[in-house]
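Engineer: Requesting a structural model of the entry that follows:
(2 chains)
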Amino acid sequence: AQSVTQPDIHITVSEGASLELRCNYSYGATPYLFWYVQSPGQGLQLLLKYFSGDTLVQGIKGFEAEFKRSQSSFNLRKPSVHWSDAAEYFCAVVLGYGGSQGNLIFGKGTKLSVKP
Amino acid sequence: GAVVSQHPSWVICKSGTSVKIECRSLDFQATTMFWYRQFPKQSLMLMATSNEGSKATYEQGVEKDKFLINHASLTLSTLTVTSAHPEDSSFYICSARDPRTGLSTDTQYFGPGTRLTVL
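Structural biologist: As a prediction, the model looks like this:
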């Protein structure tokens, strides 16, 4: 069955340090991959997505992610974390494309804490 | 991006009562809306897909008679938790697909969620 795994439940980094959040997927076909951020009181916000083409994807807020087919991974990175980046991050894969419903399958999320 | 609102943001109710949660797309018409449920420290689990003017499609294991979904207009979908019990306490999140953006896969905009507590 298709699944998304985020191995790290909680990560703490210092402000200004680099960040990498891991995501692995299990999906037979070429996946459509997403990273969302969830802040308290706010809806999930799309950070970036990968459909095809360049495997290094740039997103909003200075985030990027790299699709590695050989490792079935789509890790999220940011070179310098800001205190406002503290939130819950979800990796997701969509089942189907085109005329399908495009239902999202989410990982369990990684909570990011930022130390001053 | 497009804005999706939910109301209420939190609700507390007694066991056995019914609760209605509204999901609205504020600046676009959403032909498809989704309802998710999120448990603490868990991922979002899709409950159902709601298409305007037709019956919702429920995921396996979701009781359609308990979680009534109505998508009567292109900007509003409602989820009614009927005869709520403490185990229904959860965080309910809706999303709406914006058909203007073309691809069907990347156009879900999420509401802020509704925290339901059943006593």
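Engineer: near chain A, which residues of chain B?
Structural biologist: Applying C-beta under 8 Å from any C-beta of the partner chain, one finds that chain B approaches chain A through B:1, B:4, B:6, B:9, B:32, B:34, B:41-46, B:49, B:57, B:93, B:95, B:97, B:103-106, B:108-113. In short, each C-beta sits where N, CA and C put it, glycine included.
Engineer: Tell me the gap between the longest strand along chain A and the middle of its chain.
Structural biologist: Under DSSP state E, the strand in chain A containing the largest number of residues is strand A:87-95. Taking C-alpha atoms, centre = their mean, to the nearest Å, one finds strand A:87-95 lying 5 Å from the centre of the chain it belongs to.
Engineer: do stretch B:6-21 as well
Structural biologist: Here stretch B:6-21 is found 12 Å from its chain centre; the criterion is C-alpha atoms, centre = their mean.
Engineer: Averaged pLDDT, it. What do you get?
Structural biologist: Stretch B:6-21 shows a mean pLDDT of 96.
Engineer: Centroid-nearest residue for chain A?
Structural biologist: The centroid of chain A falls nearest to A:Trp35 when counting by C-alpha atoms, centre = their mean (3.0 Å).
Engineer: what about it, which helix or strand?
Structural biologist: strand A:32-38 (DSSP states H and E).
Engineer: Might you calculate how far the helix or strand following that strand sits from the centre of the chain?
Structural biologist: Of the helices and strands lying after strand A:32-38 in sequence (DSSP H and E), the nearest is strand A:45-50. Computed by C-alpha atoms, centre = their mean, the chain-centroid distance of strand A:45-50 equals 7 Å.
Engineer: how far off strand A:45-50 does the longest strand of chain A point, in degrees?
Structural biologist: 40 degrees (axes from the mean of the first three to the mean of the last three C-alpha atoms, to 10 degrees).
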